[in-house]
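**Q** my questions concern the predicted model and sequence given below.
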Amino acid sequence: MTVELRHHTTTLSPEARQDLLQVYADVRASLLHLPNYCLATFAERLDRHTADPGFELVLGYDGGLPVGYAYGNTVEAGDRYWKRMAEPLPHGFTDAPALAVKEIGVRTPWRGTGTARRIHDALLAGRAEGRVMLMVNPLAGDGRVQRVYEAWGYRAFNTQPPTPDSPRLTAMIRPTR
């Protein structure tokens, strides 16, 4: 299984945007009925994220079929990302920019093949930020998703309080390299 990786920054072509939405809809199919996961809400979030500083998307293709993705952007000291944490952060924690991975998703047939890790690592390659963070629902996959991130070197450092549309999320961090 050879997956070709394509990088996109700042503006997405209509084709890349459609491919991402297609994979997202497949990956999140069982959740699309929830307000925070519906395709229209995701598309609105995506449009906001593409305008954020340091936006980058990596799409994976197998034989021309989009099979997975990861995207994120740079967060600076005053970014709202930090303000959503449940517990106060240590002094100086937000001083250095970090990469926030906003989404990772891989279609079922490509799970367990290393595709998600390749896409993730391609997103981190060449980034200037020294740290990378992500949020995970600790209940996703009965905890398996968080354990995958732990195996990739992430460690929990905080949580994000739940909103009416989403569960409490665990904030995880690791060095980019």
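**A** Received it, and whenever you're ready, just let me know what you need.

**Q** in this protein, which residue is most central in space?
**A** Nearest to the mean C-alpha position of the chain, by CA atoms, centre = their mean, lies Glu103 at 2.3 Å.

**Q** now do the same contact list for it.
**A** Tyr24, Tyr69, Ala70, Tyr71, Gly72 (CB atoms under 8 Å, 6 or more residues apart in numbering). In short, each C-beta sits where N, CA and C put it, glycine included.

**Q** a helix runs through it, doesn't it?
**A** No - assessed with DSSP: H, G, I helix; E, B strand; the rest coil, Glu103 is strand; it does not lie in a helix.

**Q** adding distance to Met85 and pLDDT, write the contacts of Glu103 out as CSV.
**A** Listed next are those as CSV, based on distance: CB to CB, whole Å; pLDDT from 0 to 100:
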residue, distance to Met85, pLDDT
Tyr24, 25, 97
Tyr69, 25, 98
Ala70, 22, 98
Tyr71, 21, 97
Gly72, 17, 96
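
**Q** any idea which helix or strand of this structure has the worst average confidence?
**A** helix 80-83 (a mean of 90; mean pLDDT, DSSP states H and E).

**Q** would you mind listing the buried residues in the longest helix along the chain?
**A** The longest helix of the chain (DSSP state H) is helix 14-27. Within helix 14-27, the residues that count as buried by 16 or more other CB atoms under 10 Å are Ala16, Arg17, Asp19, Leu20, Leu21, Val23, Tyr24, Val27.

**Q** other residues contacting that helix?
**A** Identification of contacts with helix 14-27 by CB under 8 Å, 6+ apart yields 6, 8, 12, 32, 39, 42-43, 46, 57, 59, 61, 66-69, 71, 103, 105-108.

**Q** quick one on the thing from earlier: and the contacts of Glu103, which are buried?
**A** Tyr24, Tyr69, Ala70, Tyr71, Gly72.

**Q** tell me which element the residue lying farthest from the centre of the chain is part of?
**A** The C-alpha centroid of the chain is most remote from His91, which lies 25.7 Å away (CA atoms, centre = their mean). His91 is part of no helix or strand when elements are defined by DSSP states H and E.

**Q** how about it, what does it touch?
**A** Applying CB under 8 Å, 6+ apart, no residues qualify as near His91.
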